[in-house]
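>>> build me a model:
(2 chains)
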Number of protein chains: 2
Amino acid sequence: MIRRLCVIGVGLIGGSLALALRRAGHCGQIVGAGRHAATLERALALGVIDGYDLDLAQAVAGADMVVLAVPMGAMAEVMAAIRDHLASDAILTDVGSAKGAVVQTARAVFGALPPTLVPGHPVAGTENSGVEAAFPELFQGRRVILTPTEASSPAAIAAVRAMWEAAGAVVEEMDAHTHDQMLAATSHLPHVVAFALMHTLAQMDAQSEVLRYAAGGFRDFTRIASSDPVMWRDICLTNAPALLDTLDRFRADLDELTRAIAAGDGARLETVFREAKRTRDAFRH
Amino acid sequence: MIRRLCVIGVGLIGGSLALALRRAGHCGQIVGAGRHAATLERALALGVIDGYDLDLAQAVAGADMVVLAVPMGAMAEVMAAIRDHLASDAILTDVGSAKGAVVQTARAVFGALPPTLVPGHPVAGTENSGVEAAFPELFQGRRVILTPTEASSPAAIAAVRAMWEAAGAVVEEMDAHTHDQMLAATSHLPHVVAFALMHTLAQMDAQSEVLRYAAGGFRDFTRIASSDPVMWRDICLTNAPALLDTLDRFRADLDELTRAIAAGDGARLETVFREAKRTRDAFRH
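Got it, this is the predicted structure:
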């Protein structure tokens, strides 16, 4: 049970968490914070938060749980702004998509990793963003991965776990490095590929309106290219090592398929397509 | 109005066309043909066809419209089998995804392009295949592209157009080369990319179960990797020149993004992502 929750960055994720915790009766007061008064006013009007403060130092004062739901690129600045204003027992977590970078930033800002810090990542989202897109069921049955540091206290880990479980999520723990490799493969690589493909087609479409002829499968395939460009810029930059590794693997596969097409090697194409299909068909979520 | 329709290859496309034409009252008898008696028995049981013949020469006898709905790799064999058995005024069309290859095959099999031949391509489909997946609304509001040859007679073009319009489709005409470039960009490239990505992840998953952590967007993005491997092998081989051109463009875009990630060039990433998102958001089908 959280007495006073402070959500910094009341967008899709932060807003949905607030809605889920309120519905679950897991927290008392919910305070929002962020850079834009207009966003926070909308969150207030939508009943997502009970109040807000544009001054981060004021916003975190008295909070026993602080959730950083800002883009990865804003983590350092936000941590620096709240560092000297957190209650000594206030638990701090985040929802960033790259955990190694969050730990590195926290170490730089706080000097040493605080025992109250438990980095986390809800593996959920839609291609929409903003508090208007928030809904309390977003985390229902979804995985949330916590990546406690060597300094994280058991009590802090338990509190963050309890918060996400109250929001309906299935909580797992792993180290930050493993998390970053997993997410690079299943989320970051597909997004970069979708953005690159859509960019290629945008250029071809400008020449000859190819997109008039796109069929059903195309819509699903390219949906994630509607995702927020700033958020994805930050994810690419903060999880670069793991992402570059998966990009290398993907490019090797793509090059092999390209060579098989050029060489008319139908047997190789069929083998790769069958293996891809088998894996996809086995995938159930 | 078709008196006797012969559908060679009663799968998703051939079966759905038969169902749509029957519902529209656009044809009298519907005869199926193909290699597998079991498939044709199912089509008969499902009410998709009125009868069938495993002998292609018998199947096309007396038909005034013959639709080749077989994989691209089977076109030459099927054309050769029916060549000497088509009624002189029987109209011949196909549903293949690569039109240049169909024209080339027809020229080789028939000696000269017949005036009764009107190649076509319904830009519709699902990741499912087989007659069990067929449904009469598949072509409703979808584009069908006809690529008449220089030999195609106006009467044959009109008959094929009328057939697809009866099935609910929006019919367009263009030359085979333009069609092949369009489809390489909007369909063949996305499929190859999805298969390659799924193959990359299958290999990583075998090492460390990364797919356990895949989230919502992943499911949509990879759906087309469930498509039929043999059909896509054939499409890749028969539309290779146009497909290789789009693969080159895509790879250049992917390499540029990879370099930007490696160099920490956030401005470039954001520009590309924004352009991709703008094009995707403008896309409505």
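>>> what about chain A, any weak spots by pLDDT?
For chain A, the stretches flagged by pLDDT under 70 are A:127, A:215-216, A:284-285.
>>> assign a three-state SS to A:Glu150, would you?
coil (DSSP: H, G, I helix; E, B strand; the rest coil).
>>> distance check, it against chain B.
22 Å (C-beta to the nearest C-beta, to the nearest Å). Quick note: C-beta positions are derived from backbone N, CA and C, even for glycine.
>>> ok, now which ones touch that residue?
By C-beta atoms under 8 Å, 6 or more residues apart in numbering or on different chains, A:Glu150 lies in contact with A:Leu113.
>>> dump the residue contacts of A:Ala162.
With C-beta under 8 Å, 6+ apart, A:Ala162 has these contacts: A:His26.
>>> for A:Leu269, that is, sorry about that
So A:Leu269 contacts A:257, A:260-261, B:232-233, B:236-237 (C-beta under 8 Å, 6+ apart).
>>> sticking with it, tell me its helix or strand.
Here A:Leu269 sits within helix A:266-282, counting by DSSP states H and E.
>>> how far does that helix sit from the chain's center?
Distance of helix A:266-282 from its chain centroid, counting by C-alpha atoms, centre = their mean, to the nearest Å, is 30 Å.
>>> buried sites along that helix?
Buried positions in helix A:266-282, judged by neighbour count with 16 or more other C-beta atoms under 10 Å in any protein chain shown: A:266, A:268-270, A:272-277, A:279-280.
>>> quick check, central residue of chain A?
Nearest to the mean C-alpha position of chain A, counting by C-alpha atoms, centre = their mean, stands A:Ser97 at 4.1 Å.
>>> return the residues in contact with that residue.
A:Ser97 touches A:72, A:121, A:183, A:187-188, A:235, A:238-239, counting by C-beta under 8 Å, 6+ apart.
>>> what would these look like in CSV with distance to A:Gly217?
Converted to CSV, these look like this (distance: C-beta to C-beta, whole Å):
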residue, distance to A:Gly217
A:Met72, 31
A:His121, 29
A:Leu183, 25
A:Ser187, 20
A:His188, 23
A:Ile235, 26
A:Thr238, 32
A:Asn239, 28
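>>> kindly indicate whether the residue nearest to the centre of chain A is helix, strand or coil.
A:Ser97 ends up coil, using three-state DSSP.
>>> related to what we said a few turns ago, can you say which of the contacts of A:Ser97 are buried?
A:72, A:121, A:183, A:187-188, A:235, A:238-239.
>>> what residue spans form the domains of chain A?
If you go by automatic domain parsing, the domain ranges for chain A are A:2-174, A:179-282.
>>> show me the strands in the stretch 51-200 of chain A, by range?
A:51-53, A:65-68, A:91-94, A:117-118, A:120-122, A:143-146, A:170-173 (DSSP state E, counting those that start in this stretch).
>>> which elements pack onto the last one?
Read it as strand A:170-173. strand A:143-146, helix A:154-166 (3 or more C-beta pairs under 8 Å, 6 or more residues apart in numbering or on different chains; DSSP states H and E).
>>> run the last query once more with 10 Å
If contacts are counted by 3 or more C-beta pairs under 10 Å, 6 or more residues apart in numbering or on different chains; DSSP states H and E, strand A:170-173 sits against strand A:120-122, strand A:143-146, helix A:154-166.
>>> mind listing what's buried in it?
In strand A:170-173, counting by 16+ other C-beta under 10 Å, buried: A:Val171.
>>> returning to what we had before: filter the buried ones among the contacts of A:Ser97 down to just the ones in helices.
With helices defined by DSSP state H, the entries of the buried ones among the contacts of A:Ser97 inside them are A:183, A:235, A:238.
>>> return the member of those nearest to chain B.
A:Leu183 (6.8 Å; C-beta to the nearest C-beta).
>>> list phi and psi for the residue nearest to the closest one when sequence neighbours are not counted.
Spatial nearest neighbour of A:Leu183, excluding adjacent residues (C-beta to C-beta, 6 or more residues apart in numbering or on different chains): A:Ser97 at 6.1 Å. A:Ser97 adopts backbone torsions of phi -80, psi -10, taken as degrees, to the nearest 10.
>>> so how many other residues sit close to A:Ala38?
8 (other C-beta atoms under 10 Å in any protein chain shown).
>>> how about A:Leu12?
25.
>>> could you do the one 5 residues further on as well?
A:Leu17 is flanked by 30 other residues according to other C-beta under 10 Å.
>>> need phi/psi at it.
phi -60, psi -50.
>>> let me see the contact set for it.
A:5, A:7, A:10, A:27, A:30, A:48, A:67, A:69, A:95, A:122, A:134, A:136, A:138-139, A:144, A:163-164, A:166-167, A:169 (C-beta atoms under 10 Å, 6 or more residues apart in numbering or on different chains).
>>> from those, which are also near chain B?
Restricting the contacts of A:Leu17 to those touching chain B (C-beta under 10 Å from any C-beta of the partner chain) yields A:122, A:138.
>>> in ChimeraX, how would I select the buried members of the contacts of A:Leu17?
Those of those that count as buried under 16+ other C-beta under 10 Å are selected in ChimeraX with:
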select /A:5,7,10,27,30,48,67,69,95,122,134,136,138,139,144,163,164,166,167,169
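>>> and A:Phe273, how far is that from chain B?
Counting by C-beta to the nearest C-beta - A:Phe273 and chain B are separated by 4 Å.
>>> and stretch A:171-180, how far apart are its ends?
16 Å (C-alpha to C-alpha, to the nearest Å).
>>> ditto for stretch A:162-173
Span of stretch A:162-173 from end to end, C-alpha to C-alpha: 13 Å.
>>> burial of the residue in the stretch 51-200 of chain A positioned nearest to chain B, as a residue count?
Per C-beta to the nearest C-beta, A:Met198 is where the stretch 51-200 of chain A lies closest to chain B, at 3.7 Å. Per other C-beta under 10 Å, the neighbour tally for A:Met198 reads 29.
>>> could you do A:Asn128 as well?
For A:Asn128, using other C-beta under 10 Å, the count is 13.
>>> excluding its backbone neighbours, what's nearest it?
That would be A:Leu12: by C-beta to C-beta, 6+ apart, it lies 6.5 Å from A:Asn128.
>>> contacts only, for A:Pro136.
Counting by C-beta under 10 Å, 6+ apart, A:Pro136 has contacts A:15-24, A:48, A:167-168.
>>> please redo it, this time with the cut-off set to 8 Å
A:Pro136 neighbours (C-beta under 8 Å, 6+ apart): A:16, A:19-20, A:22-23, A:167.
>>> where's the nearest residue to A:Gln140 once chain neighbours are set aside relative to A:Met182, distance?
Of all residues not flanking A:Gln140 in the chain, A:Gly168 sits nearest, at 3.9 Å (C-beta to C-beta, 6+ apart). Going from A:Gly168 to A:Met182 by C-beta to C-beta, to the nearest Å gives 21 Å.
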